[in-house]
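Participant: 3D model of this:
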Amino acid sequence: MLRALTIGLVLAAPVLAWAQTSTPRPANPAPAQPSASNIDAQPLLAGSERLVSSADERIGLAITLMADGPAHFTDQRELALLSGRNSVAFADLPTTLLPATLYWQTATLPELRALSATPTVVNRQAAPWQAELFVESGGNRTATLNYRASGLNWQSSYELRLINGSDQAQWREALVINNQTGIDLSGAQFTATNALGQTHRIGEIHSLRPGTRWRGMRGEAQSLTLTQQLVAQASANGPQPDRQQVPVQQRVLINAEQAAVIGFSAGPVAVMSERSGVASPLGQTQWQPQQRSGAIELDAGLSTAVEVERLQVDYRHLADGIENAWQIKLHNPTDSEQTIRLEEHIEGAWQIEAGEADWQRTATGLQRRISLAAGERREVGYRIRQLTP
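Facilitator: Predicted coordinates:
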């Protein structure tokens, strides 16, 4: 009898010792350990089970799109926990989740101390992040995970529609989001942040499955009053003996007050011309929000309203540099007055020898505005000395 009792105590001792170490120790959330061993290999107390939290248990998913870098996710789940030890796995997290950014809030679930996951990806689905919890009383609890993930590519895009050749235009803005996170983001609440730190609440996107794109308008179309300009740019450096036909660009100027309230983020601008309800493309340009400190000038394609021809009439090497002279012929073939801005790009050190009264010196060379009456032809020119370094 005594021997049987002794054997029974020896056999029971390991179980009692293990149960004593299962008492939860107070701790703050530990950093994520993606290389930790699978938690399924750890023993559970009687009555415990493995709970897999999927997207069906989400009670909220908020995503902030950043101007440069991965998006920020706030993922709330409702967990049905048992009294005692629970093994919980969080499924339906992005395959592009950055492990070092994963953290969680302890206000509603202080027992959650550590998360781990094997770093493998099977069938394009991320391995679930897992935790072992001990709760004294069971029931529904809220877990809030915060993390960053790549794969949410987004961009602003714009359309500027010029109306019937007037100074009136319509400006439309859209946001395009491309979901390459590997999970379904339908029903998530989205916010975008631009390079200036300004935010735009997109709201709920009802359908954004993995591998799909979403496009939505940002507000209503806005009416703008523009100043249209013609610009001819050319380089004055080096010998250029042949006559040159200079392409004339059509540009539109958006004043500073209007520019401050449009153009949320950098993106392409499609410039269109609308006449009698029919729209045709004029050109493609780029919008940069950091330009908002002043007026914005956008390319609107090429124009035939003014013809520009340049001829180099002198190019001589002198002791202290090069003598360089240009003749520019202008013609307005239209039946209305046209104003054009000539921009002559000059590199290196130089000084103007003739034409100073008519031309304005700029950071890149010389500039001059000329108004031409209907059908008018005119010749202008200048002479510079490019100094030897």
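Participant: And for the spatially closest residue to Arg377 that is not a sequence neighbour, the neighbour number?
Facilitator: Among residues not flanking Arg377 along the chain, His331 sits closest, at 4.9 Å (CB to CB, 6 or more residues apart in numbering). (C-beta placed from N, C-alpha, C; glycine too.) Neighbour count for His331, taken as other CB atoms under 10 Å: 15.
Participant: Then Ala143?
Facilitator: Under the neighbour criterion other CB under 10 Å, Ala143 is assigned a count of 24.
Participant: was I right about the residue nearest to Arg377 contacting Glu307?
Facilitator: Yes: with contact defined as CB atoms under 8 Å, His331 and Glu307 form a contacting pair (4.3 Å).
Participant: now what about stretch 329-342, what contacts it?
Facilitator: For stretch 329-342, the external contacting residues (CB atoms under 8 Å, 6 or more residues apart in numbering) are 229-232, 234, 248, 304-311, 328, 366-380.
Participant: Start and end of it, how far apart?
Facilitator: One end of stretch 329-342 sits 11 Å from the other (CA to CA, to the nearest Å).
Participant: thinking again about what came up before, if I look at the residue nearest to Arg377, how far off is Leu230?
Facilitator: Distance, His331 to Leu230, using CB to CB, to the nearest Å: 13 Å.
Participant: any common contacting residues for these two?
Facilitator: Contact criterion CB under 8 Å, 6+ apart; residues shared by His331 and Leu230: Val306.
Participant: what's the distance between Asn179 and Pro210?
Facilitator: Applying CB to CB to Asn179 and Pro210 gives a distance of 6 Å.
Participant: Between those two, point out the one with more neighbours.
Facilitator: Asn179 (23 against 16).
Participant: How about the contacts made by the more buried one?
Facilitator: Gly151, Leu152, Leu185, Leu208, Arg209, Pro210, Gly211, Thr212, Arg213, Trp214.
Participant: before we move on, what about Leu102?
Facilitator: Applying CB under 8 Å, 6+ apart, the residues contacting Leu102 are Ala32, Leu115, Trp129, Leu145, Asn146, Tyr147.
Participant: In PyMOL, select just the buried ones from the residues you listed.
Facilitator: Here is the PyMOL command that selects the buried residues among the contacts of Leu102 (16 or more other CB atoms under 10 Å):
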select buried, resi 32+115+129+145+147
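Participant: In TSV: the contacts of Leu102, plus pLDDT.
Facilitator: Listed next are the contacts of Leu102 as TSV, based on pLDDT from 0 to 100:
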residue	pLDDT
Ala32	53
Leu115	87
Trp129	87
Leu145	94
Asn146	95
Tyr147	96
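Participant: which stretches of the stretch 201-350 of the chain form strands?
Facilitator: Taking DSSP state E, counting those that start in this stretch to define them, one finds strands in the stretch 201-350 of the chain at 213-217, 222-225, 227-235, 244-254, 267-275, 278-287, 296-318, 321-331, 338-345, 350-354.
Participant: Could you work out the end-to-end span of stretch 279-298 for me?
Facilitator: 18 Å.
Participant: Kindly report the same for stretch 62-71.
Facilitator: Termini of stretch 62-71 sit 10 Å apart (CA to CA).
Participant: For it, what does the pLDDT average out to?
Facilitator: Mean pLDDT, computed over stretch 62-71, is 94.
Participant: Give me the pLDDT for the residue nearest to Asp314 when sequence neighbours are not counted.
Facilitator: Leaving aside its chain neighbours, Asp314 sits nearest to Ala325 (3.7 Å; criterion: CB to CB, 6+ apart). At Ala325, the pLDDT value in this model is 95.
Participant: Contacts only, for Ala325.
Facilitator: Gln312, Val313, Asp314, Tyr315, Ala354, Gly381, Tyr382, Arg383, Ile384.
Participant: repeat that with 10 Å
Facilitator: Applying CB atoms under 10 Å, 6 or more residues apart in numbering, one finds that Ala325 lies in contact with 236, 311-316, 353-355, 381-385.
Participant: separation between Leu81 and Thr144?
Facilitator: Taking CB to CB, one finds Leu81 at 15 Å from Thr144.
Participant: wait, I meant Glu356
Facilitator: For Glu356, the distance to Thr144 - CB to CB - is 69 Å.
Participant: Pick out whichever of the two has more residues nearby.
Facilitator: Thr144 (18 against 14).
Participant: Verify the stated contact: the more buried one with Leu79.
Facilitator: No: counting by CB atoms under 10 Å, Leu79 is not a contact partner of Thr144; they are 11.0 Å apart.
Participant: For this protein, just list every one of the helices.
Facilitator: Applying DSSP state H to the chain gives helices spanning 2-21, 256-259.
Participant: lowest-confidence stretch among the ones you listed?
Facilitator: Among the helices of the chain, helix 2-21 scores lowest, with a mean of 36.
Participant: Now do the end-to-end distance for stretch 58-71.
Facilitator: 18 Å.
Participant: May I see the buried residues of that stretch?
Facilitator: Neighbour counts using 16+ other CB under 10 Å place Leu61, Ile63, Thr64, Leu65, Pro70, Ala71 of stretch 58-71 among the buried residues.
Participant: Show me the two of those residues that sit farthest apart.
Facilitator: Distances among those were taken as CB to CB; the most separated pair is Leu61 and Pro70, at 15.6 Å.
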